[in-house]
Every structure is written in C-alpha cells, then in structure tokens.
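J.: 3D, please:
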Amino acid sequence: MSSLSKLIQNENMKIYRRPRTWVMIGFLLLTVALLSGIMKWDESKMDLNNWEQALSQENEQFQQELTSNKELDAQQTTYLSNQIKLNQYYLDSGINPNDLSLWDHVNSSVNLTMLVTLLTVIIAADMIAAEFSWGTIKLLLVGPASRTKIMASKYIATMGFALLLLVICFAAAFAAGGILEGFNSVSQPLVTIDAADSSIQESSMIVNALQKYGFAVISLIMYVTMAFMISAAFRSTSMAIAFSLLFMLVGNTLTAILSSYSWVKYLLFANIDLTQYLDGAEPLRPEMTLSFSILILVAYYALFQFTAWLLFTKRDVAA
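T.: I've put the predicted structure just below:
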C-alpha cells in the first residue's frame, strides 16, 4: 500500500471514528424522512379525486385568457399554450400530475444538498486546523510523507465523506419515496414541453434526478475546497469552521444585493449555482454564460488549492 493510501486510510479513521460524524449522518437521514413525511402529509390534504375536472377547468381558463386578453406578450402566450398542451396530455394519458411519485421525493431531496454541504464544510474546516490546535500535526510531519501528500490525503478523505453523504441522501429519499408512494413509479417518464417546437417530450426521471444532483456536486466541491483553504489558514478549529460557514451563508446574499454591478459576475458566488443556465431560468447577469461560469469556477478552484497548499507547506509548526 502506498504512503498516500495509508494517509487517506488514516484520515478516514479520524473522520468515521468520531461520534459527531455519525450524528451528522443520523441528522441527514432524519431530515430526509421528515421532508418525505411532510410531502405525504401535504398530499393527504389535497383533493386527488376530481383532478380531471380541475385540469379541464384550468384549460378553459387558460384558453379564455388567450382569446380575450390582448395585452399578453409572446412569452406569456407561449406559457399558457404549453400549459394547455401539458394538461391535455395528462388528461389523455390518465396521469394525475398532483399525485406524488417516488421521483418527487428524490427531486425534493436535491434541496438537502445544501445541508450536505454544511456538514461537509464543518469536516473540511476542521481537517487541518484541528491538527495544529491539538498539536498532532508534529506526529504527521515526522513521518516520511511530504506535506503535499498529507494535505492531499486530507482533501481526498473529505471529498469522500461528501460523496458518501450525497449517496446517503439520494438513497434515503429513493427508499422513502418507494415506501410512501410505491416502487412501481420507478419507470415513470419525465413529461416536459420542448422549448423549440412546444411539443410534448418524455425523458428519463433518473437522468433528470442525477443531473440535478450533478449540479449540486459542483457547488459542494467549491464550498468544501474553500473551507479546506480556510482551514489551512487558521490554527483554531472554531475560527476555521466559523469563517467557512460565514462565507458560505453570506456569500449568496451579498452577491444578490450587488447583482446590479457588472463586476459581480467575477465573484465565486455569482457562478457557483449552474442551475441558473437550465431551461426556464435566468443567470444573475444577462451577459453571463455557462462556459463563462465554468471558467470562473476552475480559476477559483485552482486558486483555493494553491493557497491551501502554500499555507500548509510553508506554515511553521515549532510553536
């Protein structure tokens, strides 16, 4: 086994042998269960028996709006026409759009990736700062492994923990949805309207869910890498965690406040949410593109990694 593999194994032991790690995993599972329970409770309060009549009435209202309202712009007209087509498809296929399926629980669990990020950031911010706070960094540095390998092992172990939490979140939501709604909806297609020709399209639900989780992974990687860099800058664990969470929680709010300025597009938090480029969404700034945001994220990622490496490899541990 290589020295890097042994270091990664050692870091994993530090993560998973601590009670707080399992408390975090238990809290995540409890949150998924609570979210699914609330969704099922909300569904129980809805009238699901007269859905066909409700959709027919809705289509009549939309059609009346199209014929009588002359002030509708092209976007509003397209939206109403598409909704009529979608409702008619549900009526013809006998599909109740208000009836929850397994995939509704999975898609809702995507919102919990922010919780996954928060939990991972706490681990990441503690990975290096705790070694200096406890004085155990000296035990690591007296070994044959270089500081670069030590830092790499900590980062890999942290990202492995983040991946584990994401898998647990997805699996728990899938299981909860199957238990509450039945597993017969696994093969259910995703019904959407094609933006080009306004035709009804059927696609894979699993691909759609994985795409949403994929976008969440991008923000997770960036936040964790930033927390890892902050951890390398502080000797105090509490300071490292506090600053990491502060930047994470306040960054998006500040970016939204400053969105009227053109230079805001160069900030990390303006580009970290790639879902702003999905169909039906708008980027923070009209001149921003997906390729631009990816380039900015790559630049910040390289900066965070280089800064963390520089701080960790050059830090004096004599004190």
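J.: low-confidence ranges, this protein, go.
T.: For the chain, the stretches flagged by pLDDT under 70 are 1-2, 47-48, 133-138, 140-143, 195-197, 235-237, 279-281, 315-319.
J.: show the subsequent helix or strand relative to the longest helix seen in it.
T.: In the chain, with assignment by DSSP state H, the single longest helix is helix 147-181. Stepping forward along the backbone from helix 147-181, the first helix or strand reached (DSSP states H and E) is strand 189-193.
J.: list of residues touching that next one?
T.: Strand 189-193 is contacted from outside by 82, 85-86, 89-90, 95, 103, 199-205, 208, using CB atoms under 8 Å, 6 or more residues apart in numbering. (C-beta placed from N, C-alpha, C; glycine too.)
J.: buried sites along it?
T.: Using 16 or more other CB atoms under 10 Å as the test for burial, strand 189-193 gives 191, 192, 193.
J.: the first one pairs with what?
T.: Beta-bridge partners for residue 191, by DSSP bridges, are residue 202.
J.: still on that earlier bit, nearest to residue 59, of the buried residues of strand 189-193?
T.: Here the nearest of these to residue 59, counting by CB to CB, is residue 193; it sits at 14.5 Å.
J.: quick revisit: so of the contacts of strand 189-193, which ones are in strands?
T.: Among those, the members found in strands (DSSP state E) are 200, 201, 202, 203, 204.
J.: wait, which of the contacts of strand 189-193 is closest to residue 297?
T.: Of the contacts of strand 189-193, the one sitting nearest to residue 297 (CB to CB) turns out to be residue 208, at 22.6 Å.
J.: contacts only, for the closest one.
T.: 103, 107, 190.
J.: nearest to residue 42 among these?
T.: residue 107 (14.8 Å).
J.: work out for me the element the closest one sits within.
T.: Using DSSP H and E, residue 107 maps to helix 102-109.
J.: and that helix, which residues are buried?
T.: 102, 103, 104, 105, 106, 107, 108, 109.
J.: who are the contact partners of the closest residue to the second one other than its chain neighbours?
T.: This points to residue 103. The shortest distance from residue 103 to any non-neighbouring residue, by CB to CB, 6 or more residues apart in numbering, is to residue 205 (4.4 Å). Counting by CB under 8 Å, 6+ apart, residue 205 makes contact with 103, 186, 188, 189, 190.
J.: hang on, the earlier thing: can I have the buried ones of the contacts of strand 189-193 as a ChimeraX selection?
T.: Applying 16+ other CB under 10 Å to the contacts of strand 189-193 leaves a buried subset, and the ChimeraX line that selects it is:
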select :82,86,90,103,205,208
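J.: just the closest of the contacts of strand 189-193 to residue 32, please.
T.: Among the contacts of strand 189-193, residue 103 lies closest to residue 32 (CB to CB), at 14.6 Å.
J.: tell me how far the closest one lies from residue 180.
T.: Look at residue 103 and residue 180: by CB to CB, to the nearest Å, they are 12 Å apart.
J.: run through the residues that contact the residue nearest to residue 147 when sequence neighbours are not counted.
T.: Leaving aside its chain neighbours, residue 147 sits nearest to residue 313 (4.5 Å; criterion: CB to CB, 6+ apart). Residues near residue 313 by CB under 8 Å, 6+ apart: 147, 148, 151.
J.: may I ask which of those residues has the most neighbours?
T.: Of those, residue 151 is surrounded by the most neighbours, 21 neighbours in total, counting by other CB atoms under 10 Å.
J.: who touches that one in this structure?
T.: By CB under 8 Å, 6+ apart, the contact list for residue 151 reads 128, 232, 308, 309, 312, 313.
J.: picking up where we left off before, would TSV of the contacts of residue 205 with distance to residue 132 be doable?
T.: Compiled in TSV, the contacts of residue 205 are given as follows (distance: CB to CB, whole Å):
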residue	distance to residue 132
103	46
186	49
188	52
189	53
190	49
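J.: hang on, the earlier thing: how far away is the residue nearest to residue 103 from residue 187?
T.: Going from residue 205 to residue 187 by CB to CB gives 8 Å.
J.: all helices of the protein, in order?
T.: So, for the chain - with DSSP H - the helices run 3-16, 19-44, 51-68, 74-93, 102-109, 113-127, 129-134, 137-141, 147-181, 205-233, 237-257, 268-271, 290-314.
J.: of all those, which one is nearest residue 278?
T.: Closest approach to residue 278 among those is made by helix 205-233 (8.0 Å; CB to CB).
J.: buried ones in that closest one, by neighbour count?
T.: Neighbour counts over helix 205-233 (16+ other CB under 10 Å) mark 205, 208-209, 212-213, 215-233 as buried.
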